[in-house]
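S.K.: after the sequence you'll find the predicted model.
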Protein chains: 2
Amino acid sequence: MDLSDNTIERICKIFGYLHALEKKGVDFVSSKDLAKMVGATEYTIRKDISFLGGPGYTRKGYEVRSFKKELGQRFQLTEKRKACIIGLGRLGTALLDYENFQEDGFEIVAGFDCNVNKIERIRTSIDVFAVSRLAEIVDARNIELGIIAVPAESAQEIADQLAAAGVKGILNFSPVKISVPEGIVHVDMDFTNALRFIAARFVMMKK
Amino acid sequence: MDLSDNTIERICKIFGYLHALEKKGVDFVSSKDLAKMVGATEYTIRKDISFLGGPGYTRKGYEVRSFKKELGQRFQLTEKRKACIIGLGRLGTALLDYENFQEDGFEIVAGFDCNVNKIERIRTSIDVFAVSRLAEIVDARNIELGIIAVPAESAQEIADQLAAAGVKGILNFSPVKISVPEGIVHVDMDFTNALRFIAARFVMMKK
């Protein structure tokens, strides 16, 4: 099935929202609410759902629990996935213990840094290793996802190492865009660019 | 001028890329390279640039320095902007000293937390305050941007306080979507959702 990145992104947001509603004990959700949460039109949301063969729309809306279950199975969103973090500076160590990953089925099973002193000093419940052991540990622990939190100048090198080690996906927090071989999925999360977008957007609003 | 969010996002990415090229001493860039870095087609990039009345395309490509300058002026991307961070847990304190913000013209001028003991203990060169002083400090220091790093359950309340205090934009790192009044720009950066997208994307690739 060939879905666009935008569609998959919407589906993931819908899943996250359904998950939050389920935890709150909400039973039904309207396509209007879904559209608002996802930042798309109701038409788009309905089209996505009917294309996916999603649940029927009742007068009360979509049934949260069954809808979430269906999306989860279809996109394997409820499977546990193992991830590692490379770069244990302030951001990397903050991510190491980021509770929300765990709660949503992403388990951080290893941290890596090139500074051996740092690895010995660090206080965390997660196992930490020298980055030279990346390939070995990724293989031994069946790690599917790599999270890059190293400085800009090392990011591409780490991405190459992760790709060679066989991860399926990379989330890159370093402030440069990385390139990866075909067949590996990656997302660049550039904080500065997000601020820049916000600033440019409000400049444009004034014009 | 009414530009779509997608267009503005591309422009911000182009600006960031031009900035990086300038620092590396690169003089010209092709629309092909821009397209690759931004994750769009060459056609889209050329259309954006011509729509904006951007620089002419020479045989060597676009001239990096003048192109960056033009985008910067047009979208006021080189202006210094003041920001604050609310929530000084591990992620918040990591962001407090995140060097890349500073380097790109975003100055973090205050941090806030509801825990007064934490404020007294924290080691940073940035001024930190009790969150009860948010409105006062935002006003006194002309803060335009608020960065939310509080737990999910407090995020909306902090967003409301930031909006009331008069910020123009909000970058939300808490794992819930916030809503803001019209006229305020906001971006939700949901780490878990990014991992979910990556996982769903590679599941779809196999199908």
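M.R.: Great, that's in hand. Worth saying up front: this structure is predicted, and the values here are computed from it rather than measured.
S.K.: what about the nearest residue to residue A:75 once chain neighbours are set aside, neighbour count?
M.R.: Computed as C-beta to C-beta, 6 or more residues apart in numbering or on different chains, the closest residue to residue A:75 that is not its neighbour in sequence is residue B:200, at 4.3 Å. Bear in mind the C-beta positions are built from the backbone N, C-alpha and C, glycine included. Close neighbours of residue B:200, defined as other C-beta atoms under 10 Å in any protein chain shown, add up to 24.
S.K.: need the contact list for the residue nearest the centre of chain A.
M.R.: For chain A, the residue sitting closest to the mean C-alpha position, by C-alpha atoms, centre = their mean, is residue A:171 at 6.9 Å. Counting by C-beta atoms under 8 Å, 6 or more residues apart in numbering or on different chains, residue A:171 touches A:145-148, A:186-187, A:189, B:191, B:194-195, B:198.
S.K.: ok, 6 Å please
M.R.: When contacts are counted by C-beta atoms under 6 Å, 6 or more residues apart in numbering or on different chains, residue A:171 is found next to A:147, A:187, B:194-195.
S.K.: for residue A:46, same thing?
M.R.: residue A:31.
S.K.: from residue A:31, how far out is it?
M.R.: Residue A:46 sits 5 Å away from residue A:31, taking C-beta to C-beta, to the nearest Å as the criterion.
S.K.: ok, now how distant is residue A:201 from residue B:162?
M.R.: Here the criterion is C-beta to C-beta. By it, residue A:201 lies 16 Å from residue B:162.
S.K.: the two - which one has more neighbours?
M.R.: residue B:162 (29 against 21).
S.K.: confidence score at the more buried one?
M.R.: Confidence at residue B:162, expressed as pLDDT, is 98.
S.K.: now residue A:36. Nearest residue, chain neighbours left out?
M.R.: Residue A:36 sits nearest to residue B:179 (C-beta to C-beta, 6+ apart), 7.9 Å away.
S.K.: tell me if the residue nearest to the centre of chain A really is in a strand.
M.R.: Yes: per DSSP: H, G, I helix; E, B strand; the rest coil, residue A:171 lies within a strand segment.
S.K.: could you point out which element follows the helix or strand bottoming out on mean pLDDT in chain A?
M.R.: The least trusted helix or strand in chain A, going by mean pLDDT, DSSP states H and E, turns out to be helix A:99-103, with a mean of 83. Downstream of helix A:99-103, the first helix or strand assigned by DSSP states H and E is strand A:106-113.
S.K.: ok, back up a step: need the contacts of residue A:171 in JSON lines with pLDDT, distance to residue A:11 and neighbour count, can you?
M.R.: Below are the contacts of residue A:171 laid out as JSON lines (pLDDT from 0 to 100; distance: C-beta to C-beta, whole Å; neighbours: other C-beta atoms under 10 Å in any protein chain shown):
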{"residue": "A:147", "pLDDT": "98", "distance to residue A:11": "22", "neighbour count": "30"}
{"residue": "A:187", "pLDDT": "93", "distance to residue A:11": "15", "neighbour count": "18"}
{"residue": "B:194", "pLDDT": "92", "distance to residue A:11": "14", "neighbour count": "20"}
{"residue": "B:195", "pLDDT": "93", "distance to residue A:11": "14", "neighbour count": "24"}
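S.K.: having no further points to raise, I will conclude here.
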